[in-house]
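J.: only geometry, no sequence info:
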């Protein structure tokens with residue numbers, strides 16, 4: 001037990017060697033936890049996924065610097081990843097639960113007409129909308145757009161009107 005305390009600095013301020021060993025263990029545990037948590041946790045597909053990433057980083061950093069008890073902090077990080085996994089599985093099994101956790105997409109523009117109610121609900125400004133259209137289509141003319149969707153992850157998907165001069169498929 002004395003060797004353990006010496007290596008990891010369970011009490012008091014950790015030395016450089018102790019912090020380095022803690023960092024190594026936290027790094028390995030984080031890799032394992034992210035693999036267990038699945039690729040979703042890395043994709044930041046929703047506020048839920050981003051929340052998990054921020055929480056995990058905040059909690060595990062405390063283990064490295066000795067701000068919280070080492071093993072308790074590792075257990076807390078593991079709990080966060082397990083909860084993420086459980087909530088992800090519940091979201092797969094229940095569309096209602098998925099909607100509560102991750103929200104739903106909002107259609108902001110249909111056939112060149114802006115839905116102001118959906119814009120306000122999604123906290124999207126006209127400038128945000130025009131920037132997305134310009135970035136994806138090279139124009140700021142909303143009339144050129146069939147649809148703009150505010151996706152659950154906060155991205156704007158822009159769909160152009162079909163080109164009437166484009167060749168028709170056979």
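T.: Perfect, thanks for sending it. If you're wondering where the values come from, they're calculated on a predicted model, not measured in any experiment. Residues are numbered from 1 along each chain as shown.
J.: Surely residue 23 forms part of a helix?
T.: Yes: counting by DSSP: H, G, I helix; E, B strand; the rest coil, residue 23 is found in a helix.
J.: Please work out which residues outside the host helix or strand of residue 109 touch it.
T.: Assigned by DSSP states H and E, residue 109 falls within strand 106-110. Among residues not part of strand 106-110, those counted as contacts by Cβ atoms under 8 Å, 6 or more residues apart in numbering are 114-115, 118-119, 121-122, 124, 129, 142, 145-150, 156. Bear in mind the C-beta positions are built from the backbone N, C-alpha and C, glycine included.
J.: Which ones among the residues you listed map onto strands?
T.: Counted as lying in strands by DSSP state E, out of the contacts of strand 106-110, are 114, 145, 146, 147, 148, 149, 150, 156.
J.: buried subset of those residues?
T.: Among the ones in strands among the contacts of strand 106-110, those scoring as buried are 114, 145, 148, 149, 150, 156 (criterion: 16 or more other Cβ atoms under 10 Å).
J.: Excluding covalently adjacent residues, which one is nearest to the fourth one?
T.: Once its chain neighbours are removed from consideration, residue 149 has its nearest residue in residue 157; the separation is 4.5 Å (Cβ to Cβ, 6 or more residues apart in numbering).
J.: so who does that neighbour touch?
T.: For residue 157, the residues meeting the contact criterion (Cβ under 8 Å, 6+ apart) are 147, 148, 149, 151.
J.: could you give me the average pLDDT of the longest helix seen in the chain?
T.: With secondary structure taken from DSSP state H, the chain has its longest helix at helix 70-93. Rounded to a whole number, the mean pLDDT of helix 70-93 is 90.
J.: same for that helix, what does it pack against?
T.: Using 3 or more Cβ pairs under 8 Å, 6 or more residues apart in numbering; DSSP states H and E as the contact definition, the elements that helix 70-93 packs against are helix 16-37, helix 40-43, helix 47-65, helix 95-102.
J.: Can you mark which positions in it are buried?
T.: Counting neighbours by 16+ other Cβ under 10 Å, one finds that the buried residues in helix 70-93 are 70, 73, 74, 76, 77, 78, 80, 81, 84, 85, 88, 91.
J.: thinking again about what came up before, specify which member of the contacts of residue 157 is nearest to residue 161.
T.: Residue 161 has its nearest neighbour among the contacts of residue 157 in residue 147, at 9.4 Å by Cβ to Cβ.
J.: which of the residues in stretch 135-155 are buried?
T.: 142, 145, 148, 149, 150, 152.
J.: Distance from it to the middle of the chain?
T.: What separates the centre of stretch 135-155 from the centre of its chain is 21 Å, taken as Cα atoms, centre = their mean, to the nearest Å.
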